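>>> pasted the sequence and its predicted model underneath.
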Amino acid sequence: MDMGKYSIGVDYGTQSGRAVLVEIGTGREIATAVKEYTHGVMDEYLPDGVTRLGPDWALQHPRDYVEVLEETIPRLLRESGVRPEDVIGIGIDFTSCTMLPIRADGTPLCLEPRFERHPHAYVKLWKHHAAQDEANKLNDIARERGEAFLAHYGGKISSEWMIPKIWQILDEAPEVYDAADAMVEATDWIVMQLTGKLVRSSCPAGYKSIWHKRTGYPDPDFFRALHPRLEHVVEEKLWGLILPIGSRAGELTEAMARRIGLLPGTPVAVGNVDAHVSMPAVGITEPGKMLMIIGTSTCHVLLGTEERAVPGMCGVVEDGIIPGYMGYEAGQSCVGDHFEWWVENGVPPAYWDEARREGIGIHDLLTQKAAKLRPGETGLLALDWWNGNRSTLVDADLTGLLIGATLATKPEDIYRALIEATAYGTRMIVETFRASGVPVDEMYACGGIAQKNALMMQIYADVLNMPIYIGASTQAPALGAAMFGAVAAGKARGGYDSIEEAAREMGSVREKPYVPNPSAVKVYDELYREYARLYDYFGRGENNVMKVLKRIKSAVAQEEVKTC
Ligand SMILES: Nc1ncnc2c1ncn2[C@@H]1O[C@H](COP(=O)(O)OP(=O)(O)O)[C@@H](O)[C@H]1O
Ligand SMILES: O=C(CO)[C@@H](O)[C@@H](O)COP(=O)(O)O
């Protein structure tokens, strides 16, 4: 074993935490460890198995996040033989806005006996969409008041973000709101567990908490207009130093060092977000190159030189991704989740048997079968809104649509149509950026699915009519987090002084991109035009049937709760 220097990155995804130990200088991933969350995503019941959650809820358990550290980091050290003194830094990235109410010392409220059966005391996962009413009211009020911040967020604040989630807690559980000394992003909370102090990251603050590098948070007047008790929400619940990404949040405490096998005093980077952190891991540090991080959902991140208003984007934040640039984000709320839904609910036993016989996963079986179909052959077209629309409509109340099914439609036809729908959704986002004056010249992809599903990447190349470059790492977010860990350590300790330097040495893409096939491009152009018509028809108010159905469903659910 040579005595190089190493950094650890921990990527907190939707279903698991993944840690990598990376060699400084080469970006070589020496060891990887994955821990599925013990409680997974809680969307029906609390851990007691009886406390029922409402529609659109999605919670997590904060203890699972600490377990990830305790299990994966010692495993990395054991398997690699790397000495703790050669680990010069740690970086974290997380899904976002994944948030929780805590006491001032960092204790999550859900760990207190008084609150363990209280849904609002748990972590609200990014895809918790039950704050849509609050998001709608917030957007109406912000529009009426002519709030300038709306332009930084594509004209709408999403129900996935911090302020609607805090407001939902206040509306539905004022006792939890009162007991919370702070509301924090999970990325900042886990960094607090490592360092013992609360430091907020400028990245989620900028994208998810309406914080701006130059102007700070919105005025108390705005918050008072939402709810009188929110007037001082910033001082009361969002306090804490905000540091830019790329800085050091602090050092590993004695207590945590003992639990995870590293040395106390190891530098810890300011927390980051899983999408944004991936850009340097793919080696991107300049404008015009859009990166798709494809997993449970997809995030699209892009650098620009000017702050433009792009309708329905998630946001533009100065220094939000790479210092010195405007960082743009857009996204799709379900991509892998979309395929998972189909696999779990629509695929007959015969297909599962076949996958077992062949010794492959069900996704691989469906992908193999779908790959035999030509573009257009299924006769199907879908809208990719099974978990709402994150960009460009920013509406969690939109739902899925499949059109063209017949008695001859097969499971792989639908699987392919769902893949194609996500590709059209991405094309809609790319076209919206371009139409708003933000160039998108090249496309990149990373994340679990980009690595696993070649058919899907080929369909994206064909639908977008652009080559798709794939990040070389199988764990791009964790690699990016490790790179930020190395920057937190700094050159003097064997790391880097800037993320650009780290990206040059440690970030990379696979040699061969997926290239568009001209005959497929032609068919997909025609199908995309139909997709765009359906998108406008169901998404921009001409036909609100999706919302009507949701309203009826929610009324029935409330009726059921009353009669229980
Ligand atoms: N071969 C595959 N093709 C398409 N989707 C897949 C495949 N294998 C798994 N998935 C989907 O990928 C998602 C998990 O993505 P991943 O990037 O591993 O995790 P995360 O979203 O937690 O970061 C799941 O929703 C699953 O349905
Ligand atoms: O919204 C963001 C980042 O802004 C993501 O954290 C969220 O889409 C979840 O990502 P994953 O699908 O779990 O990779």
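Arrived safely, thanks for sending. Numbers count the residues shown, from 1 in each chain. Ligands and ions are numbered 1, 2, ... in the order given.

>>> what's the local residue count around Asn453?
By the measure other C-beta atoms under 10 Å, the count of residues near Asn453 is 21. Yep, even glycine has a C-beta here, placed from its N, CA and C like the rest.

>>> now do the SS call for the closest residue to it other than its chain neighbours.
Spatial nearest neighbour of Asn453, excluding adjacent residues (C-beta to C-beta, 6 or more residues apart in numbering): Thr367 at 5.8 Å. Using DSSP: H, G, I helix; E, B strand; the rest coil, the three-state assignment for Thr367 comes out as helix.

>>> can you pull out the helices in the stretch 51-200 of the chain?
62-80, 132-144, 162-172, 174-179, 186-195 (DSSP state H, counting those that start in this stretch).

>>> err, the stretch 251-400 of the chain, not the other one
Under DSSP H, counting those that start in this stretch, the stretch 251-400 of the chain gives helices at 254-260, 278-281, 336-346, 349-358, 362-371.

>>> Ala180 touches Pro101, doesn't it?
Yes. Assessed by C-beta atoms under 8 Å, Ala180 is found in contact with Pro101 at 3.5 Å.

>>> for stretch 27-43, the distance to its chain's centre please.
Centre-to-centre, stretch 27-43 and its host chain are 15 Å apart (C-alpha atoms, centre = their mean, to the nearest Å).

>>> ok, and does it reach over to ligand 2?
No. Under the criterion of C-beta under 6 Å from any ligand atom, ligand 2 is not reached by stretch 27-43; the shortest gap measures 10.0 Å.

>>> would you mind measuring the gap between the ends of that stretch?
37 Å (C-alpha to C-alpha, to the nearest Å).

>>> what mean pLDDT does it get?
Across stretch 27-43, pLDDT averages out at 97.

>>> buried set for it?
Gly27, Glu29, Ile30, Ala31, Thr32, Ala33, Val34, Lys35, Tyr37, His39, Val41, Met42 (16 or more other C-beta atoms under 10 Å).

>>> how distant is stretch 96-103 from the center of its chain?
Distance, centroid of stretch 96-103 to centroid of chain: 15 Å (C-alpha atoms, centre = their mean).

>>> how about that stretch as CSV, C-alpha atoms only?
Below are the C-alpha coordinates for stretch 96-103, written out as CSV (Å, rounded to 0.1, in the frame of the first residue of the first chain):
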residue,chain,number,x,y,z
SER,A,96,-32.3,18.6,-1.1
CYS,A,97,-34.4,20.1,0.2
THR,A,98,-34.4,17.3,2.7
MET,A,99,-35.0,19.1,6.0
LEU,A,100,-35.7,18.5,9.7
PRO,A,101,-36.6,20.4,12.9
ILE,A,102,-33.9,20.2,15.6
ARG,A,103,-32.9,21.5,19.0
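
>>> which residues touch that stretch?
12, 60, 62, 108-110, 120-126, 160-162, 165-166, 169, 176-177, 179-187, 189, 203-204, 207-209, 273-274 (C-beta atoms under 8 Å, 6 or more residues apart in numbering).

>>> out of the residues you listed, who's near ligand 2?
When contact is defined as C-beta under 6 Å from any ligand atom, the contacts of stretch 96-103 meet ligand 2 at Trp126, Val273, Asp274.

>>> what's the burial count for whatever residue of the stretch 51-200 of the chain ends up closest to ligand 2?
For the stretch 51-200 of the chain, the residue closest to ligand 2 is Thr95, as judged by C-beta to the nearest ligand atom, at 3.4 Å. Using other C-beta under 10 Å, Thr95 has 27 neighbouring residues.

>>> can you check Trp211 too?
So Trp211, with other C-beta under 10 Å, has 21 neighbours.

>>> now do the phi/psi pair for the nearest residue in space to the residue of the stretch 51-200 of the chain closest to ligand 2 that is not next to it in sequence.
In space, and not counting its chain neighbours, Thr95 is closest to Trp126: 4.6 Å by C-beta to C-beta, 6+ apart. Main-chain dihedrals, Trp126, degrees, to the nearest 10: phi -50, psi -40.

>>> returning to that earlier point: from the buried residues of stretch 27-43, which is closest to Leu53?
Of all the buried residues of stretch 27-43, Leu53 sits closest to Met42, with 6.8 Å by C-beta to C-beta.

>>> related to what we said a few turns ago, comparing the helices of the stretch 51-200 of the chain, which comes out most buried?
helix 186-195 (a mean of 25; mean count of other C-beta atoms under 10 Å).

>>> who touches Leu291 in this structure?
Ser278, Met279, Val282, Ile284, His300, Val301, Leu302, Tyr444, Ala445, Cys446, Gly471.

>>> if we check ligand 2, which of the residues you listed are in contact?
Within the contacts of Leu291, nothing lies near ligand 2 by C-beta under 6 Å from any ligand atom.

>>> name the member of the residues you listed with the most neighbours.
Busiest of the contacts of Leu291 [other C-beta under 10 Å] is Ser278, holding 33 neighbours.

>>> who in the stretch 1-150 of the chain is up against ligand 1?
Gly13, Thr14, Gln15.

>>> show the backbone phi and psi for the spatially most central residue of the chain.
In the chain, the centroid-proximal residue (C-alpha atoms, centre = their mean) is Thr95; its distance is 4.4 Å. Main-chain torsions, Thr95, degrees, to the nearest 10: phi -70, psi 160.

>>> that one reaches Ala186, doesn't it?
Yes. Applying C-beta under 8 Å, one finds Thr95 in contact with Ala186, separated by 7.4 Å.

>>> what do those two both touch?
Contacts common to Thr95 and Ala186, judged by C-beta under 8 Å, 6+ apart, are Tyr12.

>>> give the burial count for the residue lying closest to Ser498 once chain neighbours are set aside, as a bare number.
Using C-beta to C-beta, 6+ apart and skipping residues adjacent in sequence, the residue nearest Ser498 is Val487, 6.7 Å away. Counted by other C-beta under 10 Å, the residues lying close to Val487 total 29.
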